[in-house]
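Visitor: this is the structure alone, sequence omitted:
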Ligand SMILES: NC(=O)c1ccc[n+]([C@@H]2O[C@H](COP(=O)([O-])OP(=O)(O)OC[C@H]3O[C@@H](n4cnc5c(N)ncnc54)[C@H](OP(=O)(O)O)[C@@H]3O)[C@@H](O)[C@H]2O)c1
């Protein structure tokens, strides 16, 4: 698939590198692509261009920027995002609004405000530490989970396959509003990781299906 990674940070690089290795065409969208020249090519032959250029031709767009920058990005590029599969990996932390709407629902709203209906937003990878992206099987031999949620079945199936392409186990968490739970699982995960695993950011969730 043609995948646009918006952002050039730890998550964008971890996911983008894995998808390039799996055979996808990955382009990184940066606010300052000229300062990133040669950076992506050295990793995986990918390109770094400006955000609008990255979106052109993309089938899947992964928003890998700070939560506080998402609404402005989504509104500015709403037309280009319409109809595309938009993977929102951002975590709101203290910026979570009081009305309990989730980060991913806000992203879908911001795109809809700019371009009408048509955003196919899937929340995913929110509770996967960047350090684990290249290590989908944990040291104990368990395949790490990727929680994902969305309202568009086809978009969700694509994102589940993209998680599998990296070697992860996709876990369907339901509709996009389930992201309200995922948003608060992230601070919990960070706290558990700090207290029980030394804060290394190498832990992950595992859903175990019991005997049926
Ligand atoms: N780190 C984790 O373990 C983790 C895990 C799950 C989810 N997340 C979420 O994934 C997103 C990216 O996290 P990250 O750890 O990859 O962050 P990061 O390393 O700080 O990178 C963020 C990237 O966003 C881009 N960006 C665009 N607009 C920005 C703005 N206004 N301010 C700052 N950067 C901006 C920057 O790329 P350019 O300068 O090239 O534009 C920057 O490289 C966040 O929403 C985070 O909550 C992180």
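Guide: Nice, I can see it. Being a predicted model, the structure only gives us computed values, none of them experimental.
Visitor: could you find the closest non-adjacent residue to residue 112?
Guide: residue 119 (5.8 Å; C-beta to C-beta, 6 or more residues apart in numbering). Every residue, glycine included, has its C-beta placed from N, CA and C.
Visitor: quick one, what contacts the one you found?
Guide: 81-82, 86, 107-108, 111-112 (C-beta atoms under 8 Å, 6 or more residues apart in numbering).
Visitor: ramachandran coordinates for the residue most central in space within the chain?
Guide: Note on the chain: the residue nearest the mean C-alpha position is residue 89, at 3.0 Å, using C-alpha atoms, centre = their mean. When read as degrees, to the nearest 10, the backbone of residue 89 gives phi -110, psi 10.
Visitor: same deal with the one 5 residues further on?
Guide: Residue 94 adopts backbone torsions of phi -70, psi -10, taken as degrees, to the nearest 10.
Visitor: and it, how far is that from the ligand?
Guide: Distance of residue 94 to the ligand, computed by C-beta to the nearest ligand atom, to the nearest Å: 12 Å.
Visitor: do the same with residue 160
Guide: 17 Å.
Visitor: so which bits of the helix or strand hosting that residue are buried?
Guide: Assessed by DSSP states H and E, residue 160 sits inside helix 153-165. Of the residues in helix 153-165, those buried by neighbour count under the rule 16 or more other C-beta atoms under 10 Å are 155-156, 158-160, 162-163.
Visitor: which strands and helices sit next to the helix or strand containing residue 148?
Guide: Using DSSP H and E, residue 148 sits within strand 145-150. With contacts taken as 3 or more C-beta pairs under 8 Å, 6 or more residues apart in numbering; DSSP states H and E, strand 145-150 sits against strand 120-124, helix 153-165, strand 169-172, helix 179-197.
Visitor: how about the closest residue to the ligand within the chain: what's its closest non-neighbour residue?
Guide: Here the chain gets closest to the ligand at one residue, residue 9, 1.8 Å apart by C-beta to the nearest ligand atom. In this structure, residue 9 finds its nearest non-sequential neighbour in residue 64, 6.4 Å apart by C-beta to C-beta, 6+ apart.
Visitor: I figured the one you found hits residue 3, correct?
Guide: No: shown here, residue 64 and residue 3 do not form a contact pair, counting by C-beta atoms under 8 Å, at 11.0 Å.
Visitor: neighbours of residue 116, how many?
Guide: Residue 116 is flanked by 11 other residues according to other C-beta atoms under 10 Å.
Visitor: residue 34 too?
Guide: Residue 34, neighbours per other C-beta under 10 Å, totals 8.
Visitor: likewise residue 73?
Guide: Residue 73 has 21 nearby residues by other C-beta under 10 Å.
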